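Engineer: show me the folded form of this:
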Amino acid sequence: MQLSFLTSLFDRPGPWASVYLDTSVVDESAQERRELQARDAARELVGQGCDTDTARAVYETLTSGPVPPHQQGRAVFAAHGEVVLDPPLTRRPLAPADVTWAALPRLGPLLDLATADPVCLVAYVDRTGADLELRGPHGEQSAGHVEGRDWPVHRTASADWSERHFQTSVENTWEENARTIAQAVAESEHETGADLIVLAGDARERRSVHEKLPADVRPLAVESEHGGRAGGAGTRLLDEDVEAAREEHLRRTADQELDRFRSARSDAGGGPSAAEGVPALVEAAREHRIAELLIRTEGPDAHREVWVGADPDQIAVRRSETHYLGESEPLPARADDALLRSAVMTGADVLRVRVEDDDDVPVGGLGALLRWPYAEEEREAAHTGAG
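Structural biologist: Below you'll find the predicted structure:
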């Protein structure tokens, strides 16, 4: 999972207000409940030491404007009297309210919500073209249209020899249009970075497009027998198919990445290219060595205290170490939030490891695949730094 949309949270100093609210219940008292939630969140922030300007900005954001459709929750991040990021959540937060005032934004809960929605490119296919739609953590949006040839596209019922040439032309048009659609779908996937593709429409057309996708894109695609390009086509069953495809994508990706991690942390091949445990990960973050951060938020290391400065690589296990990193007034922070900041700002991927995936990998709940492996002496130094 790429979290580049969070970079705006780290181009200014903290401390930060982080608020997650469950807004999934919509009834006649929704507006009153919304007001109460916002007031309680602001009051709790002030109780934790938040300045009144920032608490007021959070309150005003939570109570102003219409509620976006399909919104299940709110995540608001604010500092110095300004709300910096306010993404609507299409999944319910795990807790009705989670309010934090800390040196860094509290990003751990966002992993459970963002990873539930990998970006999906839906292609509504028929014989003449396709409508493309992008579905991601922030809702749905059009991704364009593609039109093929519109003549001839319909076969006749005649078996007369004189019709055979026309029937062949129809078949050729179908095949040509399928190639055009497949190319457009592949280009859209590359441009948008979609994690998976769902092809919807009549069986023949979607199968033909699937077969003609380029080799690097074809494994990302699945077919749905529900929905279509025609107006009024049902969407509920298609939505269920998209959700199933997302869940399967997450499961498959997690399995693959955990296998990579298990292999990388072995000593084979000139030193391990993985790290786990807070001391080793802190050292890797300082050196911008983390390629993919693995987080099991239930693990004990996730909420372990580390010390941070203003820059992402100003991170240390002990308070005294930050003086050597150019920070005279370090602040305490959760290990998972500090490492997430480093991952976001250095372009690393992030994988949310769930308990059902593996309850002891990575050890302590935090691990990383590295951009280059540790030498033996570096590994020993990182482990001895835990004291």
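Engineer: do you have the helices of this protein handy? List them.
Structural biologist: Residue ranges of the helices in the chain, as given by DSSP state H, are 30-47, 52-63, 108-114, 164-192, 203-212, 236-264, 278-286, 335-345, 376-384.
Engineer: out of these, flag the one nearest residue 134.
Structural biologist: Evaluated with C-beta to C-beta, the helices of the chain place helix 164-192 nearest to residue 134, the distance being 5.7 Å. Glycine gets a C-beta too; all of them are placed from N, C-alpha and C.
Engineer: pLDDT below threshold where in the stretch 251-387 of the chain?
Structural biologist: The stretch 251-387 of the chain contains residues with pLDDT under 70 at 267-272, 324, 355-360, 374-387.
Engineer: ok so, going back, export the helices of the chain to a markdown table and tack on distance to residue 120?
Structural biologist: Putting the helices of the chain into a markdown table (distance: least, C-beta to C-beta, whole Å) gives the following:
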| stretch | distance to residue 120 |
| --- | --- |
| helix 30-47 | 29 |
| helix 52-63 | 28 |
| helix 108-114 | 14 |
| helix 164-192 | 10 |
| helix 203-212 | 15 |
| helix 236-264 | 6 |
| helix 278-286 | 31 |
| helix 335-345 | 23 |
| helix 376-384 | 39 |
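Engineer: which one, of these, ends up nearest to residue 76?
Structural biologist: helix 52-63 (5.5 Å).
Engineer: please identify the buried residues of stretch 251-260?
Structural biologist: 253-254, 257-258, 260 (16 or more other C-beta atoms under 10 Å).
Engineer: an error on my part: the question was meant for stretch 206-215.
Structural biologist: 206, 208-210, 212-213.
Engineer: among the helices of the chain, which is nearest residue 353?
Structural biologist: Using C-beta to C-beta, the nearest of these to residue 353 is helix 236-264, at 6.7 Å.
Engineer: give me the neighbour count for residue 239.
Structural biologist: Residues lying near residue 239 (other C-beta atoms under 10 Å) number 15.
Engineer: and for the one 3 residues further on?
Structural biologist: By the measure other C-beta under 10 Å, the count of residues near residue 242 is 22.
Engineer: residue 135 is in contact with that one, correct?
Structural biologist: Yes. With contact defined as C-beta atoms under 8 Å, residue 242 and residue 135 form a contacting pair (6.4 Å).
Engineer: who touches both of these two?
Structural biologist: 120, 122 (C-beta atoms under 8 Å, 6 or more residues apart in numbering).
Engineer: endpoints of stretch 310-328, how far apart?
Structural biologist: End-to-end distance for stretch 310-328, by C-alpha to C-alpha, to the nearest Å: 10 Å.
Engineer: OK, contacts around the spatially closest residue to residue 313 that is not a sequence neighbour?
Structural biologist: Once flanking residues are discounted, residue 313 sits nearest to residue 286: 5.0 Å by C-beta to C-beta, 6 or more residues apart in numbering. By C-beta under 8 Å, 6+ apart, the contact list for residue 286 reads 313, 315, 325.
Engineer: any idea how far residue 286 is from residue 57?
Structural biologist: Here the criterion is C-beta to C-beta, to the nearest Å. By it, residue 286 lies 33 Å from residue 57.
Engineer: need the buried residues of stretch 206-215 in CSV with distance to residue 76 and pLDDT, can you?
Structural biologist: Formatted as CSV, the buried residues of stretch 206-215 follow (distance: C-beta to C-beta, whole Å; pLDDT from 0 to 100):
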residue, distance to residue 76, pLDDT
206, 40, 88
208, 46, 90
209, 41, 90
210, 41, 93
212, 45, 91
213, 40, 94
